[in-house]
Structure formats: C-alpha cells, structure tokens
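*Asks:* 3D, please:
(one chain, ligands or ions: 2)
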Amino acid sequence: MMLKTDQDFFQSSVQFVKGVGPRRGELLAKLGVHTVRDLVYLAPRRYEDRSRLKAIGEIRSVGQFETIRGTVLAKGKRRVRGGLWIFQLAVGDDTGVVYAVWFNQPYLDERFHAGDNVIIYGRVQLYGKKLQMQNPEYELIESDGEDCLNMGRIVPVYPLTEQLNQRLMRSVVRHALDASGPHIEETLPDEMRERLRLIGLRDALENLHYPGSFAAQGRARDRIVFEEFFLFQLALVLRKSRTAHVKGIAHTVDGDLQRTFIGSLPFPLTGAQKRVVEQIRLDMAQPKPMNRLVQGDVGCGKTIVAVAALLTAVDGGYQGALMAPTEVLAEQHYRNIKKLAGGLPVRIALLSGEKKKNDRTGLLEELRGGTIDILIGTHALIEESVAFKRLGVVVIDEQHKFGVAQRASLKGKGETPDVLVMTATPIPRTLSLTVYGDLDISVIDELPPGRQKVMTYWIGKNKLADAYGFISKQVKEGRQAYIIYPVIDESVNAELKAAVKMADHLAKTAFKGIPVGLVHGKLKTEEREAIMQGFNRGEIAILISTTVIEVGIDIPNATVILIENAERFGLAQLHQLRGRVARSSHKSFCILEGNPKTEDGVKRLSIMKKTSDGFVIAEEDLAIRGPGEFFGERQHGMPELKVGNIITDLAEMQRARKEAEALLADPGVKTDPRYEPLRRAFRELYKDKLNLISVG
Ligand code: ADP
Ligand code: MG
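*Replies:* Ligands and ions are numbered 1, 2, ... in the order given. Model (predicted):
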C-alpha cells in the first residue's frame, strides 16, 4: 500500500497488517480494533511467564492460578443429567497429571488429540485426590522448535473473540509492531517525559506486548496509561474551556412563583435543599448555560429542587421541561407538582407516550404557542413533533437512565437552555474528580428530619413465608409494602405471567383479606394509573411489581420492600429499589431474598446488608463492574479507556489532569511544532467525540 505519512499508516485499516485480511479484520473489529493504531495499542489482558514454567509436581497449594505445560494423555466427553456436556482432558508432564474440565463445550473434543502439546491456565482445585482445572484457558503448542513468540519468554495473553486465538493475535501484533517501527512518533514532548520519568513510545509499545521483564512491562504500561489519560484530559479541559464562552440565558431569579412555591410547601426545606436551590439560582442568573448535576440519595427531596428551577424559568417568561425515565414516574411527578404548585398561575402538562392523538395535537400546539409553562414526560419529550416556544430550563431526573444522545436532544429543543440533571446513583468520588470535571456538582447530603435508617435483611427462599407474615403485620399496623417480583430473563411474557400468577396466589393465601395490586410494564396507562393512585391513597396495601417502580416512586407510607431473587439485580438497582421505603418517620425494612451463584452476587447482597450509603454503594458498584460497564459509552459519550483503569490508576489520572491544564495554558499549544505529534494523536482519537463528552 502507498502511505504518505505516519499518520496515514496508523490510521490505516488493520486489514492491511500481514496475516490479517478482510475476514480477520472483521473479527478484530469485534474487539474494537479497526486500525493499525488500535492493534498496537491493544493491551494484553495478562501475561504468562513462560521462561520458566512450573512442573505439575511442583504445585504445592490449590486455589491458585497456574500455567501448566504438558502433553494430552487422554480425553473424553460425556453427557450428564440435565443435558450438560462435560469434556475432560488429562494433561501430564514428567512429574504429574492435571485434569482439565470444560462444561458445555463438546466441540473441544475435535480440537485436542492424544500427544498434543498444550498449555493450560486456570485455578487449580483438588477433586478427590486429583488436580483439576475447570474451564481453563488453553493453547496448543506446535513444537519445541524456535517458537519465540509463544514460548520461552513472558508471553502476552490478549482478549479474544470467537475464531481468534492467542497464537494468531501474537503473530499479527508482532507484524503490526514491526511494520509500525519507523512510523511511531513520540507523542509526549521530551521535557514532559523526562520530568515525569516516562519511557519513549516506541519502547513502551514493544514492551507492552513483548516485555523483557515484568519491570519493563510495568514501565511500558505506566507510559501508555499516562498518554491515554493525558489525551483524555486534554479533551475534557478543552471542552470545559469552550463551553465557558457559550452565551446562555440570564434568568430573572427573584420572581414570585419560585418564592411563593417554597413558602407554601407543607414543610421547610432542609439545609441541603436550601443550599442547592441557591446554587441553582446563581447559575440560572448567569448569562452562560447552567450545566449542573444534583446528587442526593434516594428520598432526600430532589423533586422540590427541580420544581424550584422550573419555576425560576417560568418566572422570567420561559418554559421548563422535566424528563423522567418511566411513565409511572412521569405521572407521579405530574400529580405531585400539580398539587404542590396548585395555587400558582402556572400551566403544567403531561406528555405521555400513550396520549390520544387529538389530546396530543392540542397539547403540542399549546406548547409551541407558549401557553404551557412546564412540560413533564418521558422520552416522549424528545420526539421530533415536540417544540417549545421559549425553553429556558431542562431537568433530567434519574439521569443515569438516559443516554447521552437523549439528554442532548432534549437540550436541543431550546437555544441554550440551562440544564439540570439529577441522580440518586452518585458518581463515585473517583470519577467526579476527573472524568466529570466539567460539570458543576451539587450534593444534597441531608435527609428530611425524622427519617430512620432502613433495616436490611438477607434471607433464603425457605424464609419467604415469614417475610409474608411480617408484611401482613405491618399492613395491620396501617403501613404499606412493595414486593418486587423476580426478573426472570427468559422473556418478558413469561416474567409477567409469573408475576400475575404470584400476585393471584398471594392474594388468596398469605395476604388473604388484604388489598393487593399488581403493576408491570405491559399494563395500559389507565390501569396502571388506577393502581398507582390506589396505592397512593392507601386503598391498596401491598403492591406487587416488576422493576417499573425502580426509580423515583414516592409513597411515604410504604415501609417494607421485599425483593425476591435479589441476586438478579445490580447494586445500583437494589439501592434504588430500597429507596422506595424510609420516606417518612416510620421504621422501614428491606428484605432481600436471594441465593446468589456467583461471588459478585454474594458481594452485592452483603454490601446491601452492610451499608445504606449511596456513595459507598456506588464506589463498590464501580469496583465490581469496572468503569467500562458502570458508565458505558452510551451513558456519557466518553470513549472507553483501553489500558488505564479509572479506579486503580486514579493518581495517574490526577497527574494527567494537571499536565493537561498546564499544557492548554501554553499559548504555543496550537502551533508549536514540538506538539505536532501530540496534536495528531489527539485528533485521531477525539476529533468526532468532543461534543459528546458530557453528562448534560
Ligand atoms: P428523591 O430525592 O428520591 O427524588 P423526593 O423528591 O421524591 O426524593 O422526596 C421524597 C419525599 O420527601 C417526598 O414525599 C417529599 O414530599 C418529601 N420531602 C422533600 N423535601 C422535604 C423536606 N424538606 N421535609 C420533609 N419532607 C420532604
Ligand atoms: Mg426522585
């Protein structure tokens, strides 16, 4: 191929690397590898020191991960009860035998033959008196010859997808590195590298894949992680400085509506609410767009703060929009806000997904004409037909339930409206320091007076009858309860059937004589509204529900939530569900029924038992799931960090932030030839993404 510049080379398709081609190019794309650059920056998952492999006879303790090299002595597959396939391999060397066992992969039978040379990697367990590895990673070794990529050294182990194997990956990475050699430009200025003691890029890439020692691998990783974080922070800092110049609406913040509203509430605001309302007022008065996140644990009273912001906009003749992630929540907001703002001259409307066509057309006209002041709804708000006259503020409740594009398109309904996003799923401190550096954050760190801590229990199925008994007792004392019915992942219909059957059954047995209601996502709006209102008024004492009530629902008299099959929920979800209770001064209870099969599952339920602090839970959740899943690209638009880890490499992220701020303050940053390779790398990674990196 003809290549004019180094940049072209790095950006060229990975297909052109020797040994790749179109078909493997597609497989690599599944790993996020599209270009030569992606391939040379693809960090190994782990490394194996094959310069000195342990003999089987040297294994002293079980429970550890080991790498074993041996010969296939025998193999066999069989089917056990329940249709499960078991495939077994006996792998031996001169000193002993290890049995490798795989479940439900009968095709492995064709992959191995007696006499094959293999390497297996996994946790060694004792099965009877035999050493066993379950579902180990494996690699077939050609021969002893001079296989210098796969043997006799520290060997990289890459992430794979189907039809790619380690040998192939090692060879194509090797080819890519060899071909890249002359094209690899140093991205970091020498002065910075020396000051921060970072090795050169070419050296780092070589040692990322084929390190001479683990120390060299560590230095290589440090260098690559810094570069990755540094480019990322450049993007964030740049974005922040750009938005600083955008002109927004300077709202009149001393209007009557807002003041009257707060004055007429049936309770005084908490100190934290007052502080946050004030922060928002100051933001809104400024002639630049507000971009603020309000974090506050479940039940702290975020809705009031949102209404204050909406009314501030209306005070100055603007409109406000409030978007919530579920119909049930949007309906609740509509009801509550209408009630709270009842005496005020404000037109509030609900745009439901199911509104009849005629009502809808009328409503949209009024919105466009400006007679509707506050519009509440779900994703329906971002549909194209929805147009405002003068949208001045946008509030997004439970923001973590929306994607970055959805948030942006609501914002796009106005010219430069102020944006307020709210969440009870806090951004862990580790992230708010860095990744979300361009958002202003308010924290409501105080609950309304008289709230009690939720008592959380973790029980097995055998104790469910007791739990039902406890719920009946609470109901007799005048309280209400939620039962969250298992989310079974087979199919929505099967799940609903089970919930319906269960509700029916419980109403006739454990809860005989107690009014029980059932809500789920498939109910018609009117039916669902009728049941929710019935629960709201106390006519229904026990609400059996799927997760449609996960976020936001506020029924202060409910004091028990029983979550069945709790192991199926994520931590954030469990915390949200538990947040449905303890919304009054009555003592509240959360009962988790679950029998987790995984370590993570056990961890989640234990954490729920241990703490009810949303911040602690968010940090733990981040640690369990990892940053990639915790905040996927859809969520925040941030490109995935490939090598560095936001949690464990936090110090490095902070260092990168400082350096990025310093560099961008340098007037030569855009023109100085010293920075050209850096500018190029930055463009390659971020040119299309700058606008998306934000929560708001
Ligand atoms: P969340 O922060 O979870 O969205 P909500 O806004 O739904 O919380 O408020 C939870 C409950 O607390 C509501 O019933 C609300 O009326 C009540 N509440 C809010 N602020 C106060 C306050 N300052 N004093 C007493 N109750 C309050
Ligand atoms: Mg809420």
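*Asks:* for ligand 1, what are the nearby residues on the stretch 251-400 of the chain?
*Replies:* Within the stretch 251-400 of the chain, the residues that sit near ligand 1 (CB under 6 Å from any ligand atom) are F267, L269, T270, Q273, G296, V298, G299, C300, G301, K302, T303, I304. Using the backbone N, CA and C atoms, a C-beta is placed for each residue, glycine as well.
*Asks:* burial count for the nearest residue to the third one once chain neighbours are set aside?
*Replies:* When you say that, I think you mean T270. Leaving aside its sequence neighbours, T270 sits nearest to E446 (CB to CB, 6 or more residues apart in numbering; 4.8 Å). For E446, the neighbour count with other CB atoms under 10 Å is 17.
*Asks:* let me see the confidence value for the residue of the stretch 401-550 of the chain found nearest ligand 1.
*Replies:* Nearest residue of the stretch 401-550 of the chain to ligand 1: P448, at 3.3 Å (CB to the nearest ligand atom). pLDDT, P448: 92.
*Asks:* and for it, the neighbour number?
*Replies:* P448 has 19 neighbours, counted by other CB under 10 Å.
*Asks:* before we move on, the earlier item: what's the closest of the residues of the stretch 251-400 of the chain next to ligand 1 to R657?
*Replies:* Checking those against R657 by CB to CB gives G296 as the nearest, at 25.9 Å.
*Asks:* picking that back up, now, the residues of the stretch 251-400 of the chain next to ligand 1 that are in strands?
*Replies:* Those of those mapping onto strands are G296, per DSSP state E.
*Asks:* only whichever of the residues of the stretch 251-400 of the chain next to ligand 1 are buried, select them in ChimeraX.
*Replies:* A single ChimeraX command selects the buried members of these (16 or more other CB atoms under 10 Å):
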select :269,270,273,296,298,299,300,301,302,303,304
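*Asks:* nearest spatial neighbour of the residue of the chain positioned farthest from its centre, chain-adjacent residues omitted?
*Replies:* Here the chain reaches farthest from its C-alpha mean at D94, the gap being 48.1 Å by CA atoms, centre = their mean. Residue nearest to D94 in three dimensions, not counting chain neighbours: A55, with 7.1 Å by CB to CB, 6+ apart.
*Asks:* check Q15 too.
*Replies:* Leaving aside its chain neighbours, Q15 sits nearest to G25 (3.7 Å; criterion: CB to CB, 6+ apart).
*Asks:* now P287
*Replies:* A250 (4.1 Å).
*Asks:* gap between that neighbour and A321?
*Replies:* The spacing between A250 and A321, counted by CB to CB, to the nearest Å, is 19 Å.
*Asks:* do Y41 as well
*Replies:* In this view, Y41 and A321 are 41 Å apart by CB to CB.
*Asks:* the residue nearest to P287 against P289, yeah?
*Replies:* No. Here A250 lies out of contact with P289, judged by CB atoms under 8 Å, at a distance of 10.5 Å.
*Asks:* more neighbours: which of the two?
*Replies:* For A250 versus P289, neighbours defined as other CB under 10 Å are more numerous around P289 (23 against 12).
*Asks:* around the residue nearest to D94, how many other residues sit close by?
*Replies:* Neighbour count of A55, defined by other CB under 10 Å: 13.
*Asks:* list the contacts of it.
*Replies:* D93, D94, T95, G96 (CB atoms under 8 Å, 6 or more residues apart in numbering).
*Asks:* and the pLDDT for the second one?
*Replies:* Per-residue confidence (pLDDT) for D94: 94.
*Asks:* in this structure, what residue comes closest to ligand 2?
*Replies:* Distances between the chain and ligand 2 by CB to the ion are smallest at G552, namely 4.2 Å.
*Asks:* which helix or which strand is home to that residue?
*Replies:* For G552, there is no helix or strand it lies in under DSSP states H and E.
*Asks:* tell me how far the longest helix along the chain lies from the chain's centre.
*Replies:* Taking DSSP state H as the assignment, the helix of the chain that covers the most residues is helix 214-243. Its chain's C-alpha centre and that of helix 214-243 lie 21 Å apart, by CA atoms, centre = their mean, to the nearest Å.
*Asks:* mind listing what's buried along it?
*Replies:* Buried residues in helix 214-243 (16+ other CB under 10 Å): 216-217, 219-240, 243.
*Asks:* got it, and stretch 604-619?
*Replies:* For stretch 604-619, a neighbour-count test (16+ other CB under 10 Å) marks R604, L605, I607, M608, S612, G614, F615, I617, A618, E619 as buried.
*Asks:* the second one contacts E567, doesn't it?
*Replies:* Yes. In terms of CB under 8 Å, L605 counts as a neighbour of E567; the distance is 6.6 Å.
*Asks:* shared neighbours, the two?
*Replies:* G594, P596.
*Asks:* partner strands of the helix or strand hosting L322, parallel or antiparallel?
*Replies:* Element membership for L322 (DSSP H and E) is strand 319-323. As defined by DSSP bridges, the strand partners of strand 319-323 come to strand 374-377 (parallel), strand 391-396 (parallel).
*Asks:* chain center to that strand: distance?
*Replies:* Chain-centre distance of strand 319-323: 25 Å, with CA atoms, centre = their mean.
*Asks:* quick revisit: keeping just the C-alphas, turn the host helix or strand of the residue nearest to Q15 into PDB.
*Replies:* Following DSSP H and E, one finds G25 within helix 21-29. C-alpha atoms of helix 21-29 as PDB (Å, rounded to 0.1, in the frame of the first residue of the first chain):
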ATOM      1  CA  GLY A  21      -7.000  -9.600   5.700                       C
ATOM      2  CA  PRO A  22     -10.700  -8.800   5.400                       C
ATOM      3  CA  ARG A  23     -12.200 -11.700   7.300                       C
ATOM      4  CA  ARG A  24      -9.900 -11.500  10.400                       C
ATOM      5  CA  GLY A  25     -10.300  -7.700  10.100                       C
ATOM      6  CA  GLU A  26     -14.000  -8.200  10.900                       C
ATOM      7  CA  LEU A  27     -13.200 -10.400  13.900                       C
ATOM      8  CA  LEU A  28     -10.700  -7.900  15.200                       C
ATOM      9  CA  ALA A  29     -13.400  -5.200  14.800                       C
END
